[in-house]
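Student: Below: sequence and its predicted model.
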Amino acid sequence: MIIIKKKKLLTGLLIGSLALLCFASGAVASSHLTKITAYLNSAISVELKGKTLNLSQSQPITYNNTTYLPLRTIAEATGLDVKWNAENQRISLNDKVAKTPGARTTFSKDKVVINKTFASELLLKPKNIEFSDKQYNEVVSVSEIGYAGKGFTLTFPEGTSKIGVTFGAQGKGTDYEKIKYKVIDLDGNIISFGEMEHNSTKYVEFELSDAGNKLEFSFEAKSYSNKLTAFLVYDESWYE
């Protein structure tokens, strides 16, 4: 186990792992690449201030008896901000700047653009919603949820940094699996996921990634009769 206690002890590790981030970007000119034989080393764990870091998505690499750690994972765990400039092939590490919370704006079809797909629709003042006895003005519904993921995309105003959404789940019977949701950015990265009990609501907050201001909301469940419906409640969702 590698134990890291202070930021200054990371210098060698971070410099030694710069190549990993470059390779992952896929943007390094071929003339700068040198082919090597290395090994993913899943036996190595990293402990930072008594807490073990999650390296499942970016395992350490062992090469010539030296261990290289994933730069972004280590840097972000120690409070550093990582930026990649593809044009200049440069990685920048800086202290994170605390952001002042912005004004929260409630979702509306005029400000948050909806790209509806099959089985999804925008409902105005919907009736017969079983997960709540409240009257909402706007919700997006996704019906006939089953094994295949169904959903919609939302495009937020430029400059949006954080989002809070209220999901709703509705279903008949008790023989269904919970509805699972995923929020995915333009690069295909999952930035939020979880599951919902039937006939209930769930509130989730997350930050936008660097991939842009368009997100895909996808829902699925182990349903054989497709009688499950998921909702995103505009009245109780916001962005800043």
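Tutor: Happy to help now that I have it.

Student: contacts and neighbour counts: CA atoms only from here.
Tutor: Fine.

Student: Need the pLDDT of Y176.
Tutor: Listed pLDDT for Y176 reads 56.

Student: Tell me where the model's unsure across the chain.
Tutor: 1-31, 97-102, 172-176, 223-226 (pLDDT under 70).

Student: the domain parsing of the protein - what is it?
Tutor: 2-95, 105-239 (automatic domain parsing).

Student: Quick check: buried residues in stretch 55-67?
Tutor: 55, 59-62, 67 (16 or more other Cα atoms under 10 Å).

Student: re earlier: just name the most buried of the domains of the chain.
Tutor: Among the domains of the chain, ranked by average contacts under mean count of other Cα atoms under 10 Å, first place goes to domain 105-239 (a mean of 17).

Student: Endpoint to endpoint, stretch 126-135 covers what distance?
Tutor: One end of stretch 126-135 sits 7 Å from the other (Cα to Cα, to the nearest Å).

Student: List the contacts of that stretch.
Tutor: 125, 136-139, 168-170, 198-201 (Cα atoms under 8 Å, 6 or more residues apart in numbering).

Student: So which of the buried residues of stretch 55-67 is the closest to L80?
Tutor: L55 (17.2 Å; Cα to Cα).

Student: Could you measure from the residue nearest to the spatial centre of the chain over to I163?
Tutor: Against the mean C-alpha coordinate of the chain, by Cα atoms, centre = their mean, the closest residue is I191 at 0.4 Å. Applying Cα to Cα, one obtains 11 Å for the distance of I191 from I163.

Student: Check the secondary structure at E76 for me.
Tutor: helix (DSSP: H, G, I helix; E, B strand; the rest coil).

Student: tell me which element the residue lying closest to it once chain neighbours are set aside falls in.
Tutor: The shortest distance from E76 to any non-neighbouring residue, by Cα to Cα, 6 or more residues apart in numbering, is to V82 (7.3 Å). Using DSSP states H and E, V82 sits in strand 80-85.

Student: wait, doesn't S141 sit right on F231?
Tutor: Yes: with contact defined as Cα atoms under 8 Å, S141 reaches F231; the gap is 4.4 Å.

Student: And the helices in the protein, which stretches?
Tutor: Here the chain has its helices, by DSSP state H, at 11-16, 18-25, 71-77.

Student: Which strand residues bridge the residue nearest to E76?
Tutor: Beta bridges link V82 to L93 when assigned by DSSP bridges.

Student: shared neighbours of S141 and F231, which are they?
Tutor: Counting by Cα under 8 Å, 6+ apart, S141 and F231 have no shared contacts at all.

Student: Relative to S56, how far out is T37?
Tutor: Going from T37 to S56 by Cα to Cα gives 21 Å.

Student: so what strands line up beside the longest strand along the chain?
Tutor: Identified as the longest strand of the chain according to DSSP state E is strand 229-239. Applying DSSP bridges to the sheet, strand 229-239 is found paired with strand 105-106 (antiparallel), strand 138-142 (antiparallel), strand 162-170 (antiparallel).

Student: how about the ones you listed in JSON lines, adding distance to G212?
Tutor: JSON lines is the format used below for those (distance: least, Cα to Cα, whole Å):
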{"stretch": "strand 105-106", "distance to G212": "19"}
{"stretch": "strand 138-142", "distance to G212": "22"}
{"stretch": "strand 162-170", "distance to G212": "12"}
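
Student: E87: which of these is closest?
Tutor: Counting by Cα to Cα, E87 lies closest to strand 162-170 out of the strands paired with strand 229-239; the figure is 27.3 Å.
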